[in-house]
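# structure, please.
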Amino acid sequence: YYLTATGPAYGVTQEIKIDTRKNFNLEARIKILNGDADHKNHYSMLFWGREAMNSYYFTFAKDGFVSVEMCDGKKQSDCITKSGSLQKTNLSADDFNVYDIRKTNKTYSFSINDAPFYEMPFTPFFGNLIGFGAGRKVTLVIDYIKVIYL
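Next up, the predicted model:
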């Protein structure tokens, strides 16, 4: 699946009901095909637990920086980056990367290409939408997304 934002960021969603009482893994394989590498202004995302504009974001950019954010609106100023989550990682700028969100008991764990980079307490979903967002003038190639119970 190709997702292109020709101007501002653009996203797509799909309703996927996840029983959050169970342990689960949300995994996506994504390539940043083109776009500016600057995380500050041109990042893309995998989001989950969304309802309306309330959502959790796993952000990434070609410069290798990633973060975990909680947002309650449409603008960047409506988002809070989880403390300690903004990090430079082993993200491959020109190839596919596997983004992993794992809920185990009361903890979320995040990794890229099997390399863990952040953990935080589990927080309930706002809703059942899962999706992708391409940053400003960015094209993503999404190979797959899967959700499995552990």
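# what about the strands in the protein?
2-4, 10-15, 24-34, 44-51, 54-60, 65-72, 79-81, 87-88, 96-104, 107-112, 115-121, 129-134, 139-149 (DSSP state E).
# and Asn97, how many neighbours?
20 (other CB atoms under 10 Å). (Glycine included, C-beta is placed from N, CA and C.)
# got it, and Ala134?
Neighbours of Ala134 under the rule other CB under 10 Å: 27.
# go on, the one 10 residues further on?
Taking other CB under 10 Å as the neighbour definition, Tyr144 ends up with a count of 11.
# from Asp36, how far off is it?
The gap separating Tyr144 from Asp36 is 25 Å, by CB to CB, to the nearest Å.
# what separates the residue of the chain most remote from its centre from Lys82, distance-wise?
Distance from the centre of the chain peaks at Arg21, with 21.1 Å (CA atoms, centre = their mean). Counting by CB to CB, the gap from Arg21 to Lys82 is 23 Å.
# dump the lowest-mean-pLDDT helix or strand in the chain to PDB, keeping only the CA atoms.
Least confident element among the helices and strands of the chain, by mean pLDDT, DSSP states H and E: helix 39-42 (a mean of 73). Listed in PDB are the C-alpha atoms of helix 39-42, where the atom choice follows Å, rounded to 0.1, in the frame of the first residue of the first chain:
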ATOM      1  CA  HIS A  39      11.900  14.400  12.300                       C
ATOM      2  CA  LYS A  40      10.800  17.700  13.700                       C
ATOM      3  CA  ASN A  41       8.700  18.700  10.700                       C
ATOM      4  CA  HIS A  42       8.400  15.700   8.400                       C
END
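# in that helix, which residues are buried?
His39, His42 (16 or more other CB atoms under 10 Å).
# again with stretch 42-56
For stretch 42-56, a neighbour-count test (16+ other CB under 10 Å) marks His42, Tyr43, Ser44, Met45, Leu46, Phe47, Trp48, Gly49, Arg50, Asn54, Ser55, Tyr56 as buried.
# now the residues you listed in CSV, with distance to Tyr10?
Converted to CSV, the buried residues of stretch 42-56 look like this (distance: CB to CB, whole Å):
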residue, distance to Tyr10
His42, 13
Tyr43, 13
Ser44, 10
Met45, 11
Leu46, 14
Phe47, 13
Trp48, 18
Gly49, 20
Arg50, 15
Asn54, 19
Ser55, 15
Tyr56, 19
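# cool, thanks, talk later.
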